[in-house]
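Colleague: Pasting the sequence and the predicted model now:
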Amino acid sequence: MSKSPKELKIVSRYLLSKKDRKKLEEEAEKELGKDYAAKIQEAERVEIAIVKHPELSELYFLDNTLAFVRVTGDGFIPSLYYIYKANLSPSYPSVYVDAGAVPKILNGADVMVPGIKKIEGEFGPNTRVLIKELDKARTIAIGLSLMSSQEIKTSQKGKAIKTLHYLGDEVWNLSTK
């Protein structure tokens, strides 16, 4: 995500109809897992916000909490705030980064190969991954792999993961309002 919170502008926000809610459940189950679909079913209010943003098209709120966002042309990613609040993590593979990489990632930087110290799960390019802090094992960002897990293990340098959402970005800030 870009660093400027001014770029994220909500154009409209409304409750989803039962039909649209059911469609959303199916999409969320496919992309995020059954637990996310169950959370949509359990929610009293399911809202969508249409946004003006270069990388995002829609925000989805479950009982007034930002749960996930639709990346323009690329499906859903969960809100990190919702991951922590609902204690619910998508079934994405994980990469663990060293302490030196954490401040850079929390500033919006992409993940470079040398910063990755551990990989959980196999993945190919263009796969969503959780980016975790090695020492604390907490999720600090969600990204899109630019290399496969095997390429990362055998590479010495290069950009491995494009950061999509991180603690402290505009989506996080909107979640905590």
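Modeller: Ah, there it is.
Colleague: Can you give me the domain boundaries for this structure?
Modeller: Here the domain parsing of the chain from automatic domain parsing is 5-89, 94-166.
Colleague: Report all helices and strands that the lowest-mean-pLDDT helix or strand in the chain contacts.
Modeller: Ranked by mean pLDDT, DSSP states H and E, the weakest helix or strand in the chain is helix 170-175, scoring a mean of 91. Applying 3 or more CB pairs under 8 Å, 6 or more residues apart in numbering; DSSP states H and E, we find helix 170-175 packed against strand 56-62, strand 65-71, helix 80-85, strand 159-166. Every residue, glycine included, has its C-beta placed from N, CA and C.
Colleague: Out of the ones you listed, which gets nearest to M112?
Modeller: Closest to M112 of the helices and strands packed on helix 170-175 is strand 159-166 (CB to CB; 5.9 Å).
Colleague: Could you pull up the mean pLDDT of the closest one?
Modeller: Averaging pLDDT along strand 159-166 yields 96.
Colleague: can you pull the alpha-carbon coordinates of it into CSV?
Modeller: Taking Å, rounded to 0.1, in the frame of the first residue of the first chain, the C-alpha atoms of strand 159-166 are listed here in CSV:
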residue,chain,number,x,y,z
LYS,A,159,12.9,-8.7,-3.9
ALA,A,160,10.9,-11.7,-2.7
ILE,A,161,7.6,-10.3,-1.6
LYS,A,162,5.5,-7.2,-2.4
THR,A,163,4.0,-5.8,0.7
LEU,A,164,0.2,-5.3,0.3
HIS,A,165,-0.8,-4.4,3.9
TYR,A,166,1.2,-3.8,7.0
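Colleague: comparing the domains of the chain, which gets the lowest mean pLDDT score?
Modeller: Of all these, domain 5-89 carries the lowest average pLDDT, namely a mean of 92.
Colleague: what separates the least confident helix or strand of the chain from the chain centre, distance-wise?
Modeller: Chain-centre distance of helix 170-175: 12 Å, with CA atoms, centre = their mean, to the nearest Å.
Colleague: Check stretch 7-25 too.
Modeller: Relative to its chain's centre, stretch 7-25 lies at 18 Å (CA atoms, centre = their mean).
Colleague: For stretch 140-158, list every residue counted as buried.
Modeller: Of the residues in stretch 140-158, I140, A141, I142, G143, L144, S145, L146, M147, S148, S149, I152 count as buried by neighbour count, 16 or more other CB atoms under 10 Å.
Colleague: With adjacent residues omitted, what lies nearest to the last one?
Modeller: In this case it means I152. What sits nearest to I152 in space, not counting adjacent residues and going by CB to CB, 6 or more residues apart in numbering, is A160, at 5.0 Å.
Colleague: same deal with the fourth one?
Modeller: With sequence-adjacent residues excluded and distances taken as CB to CB, 6+ apart, G143 is closest to I161, at 3.9 Å.
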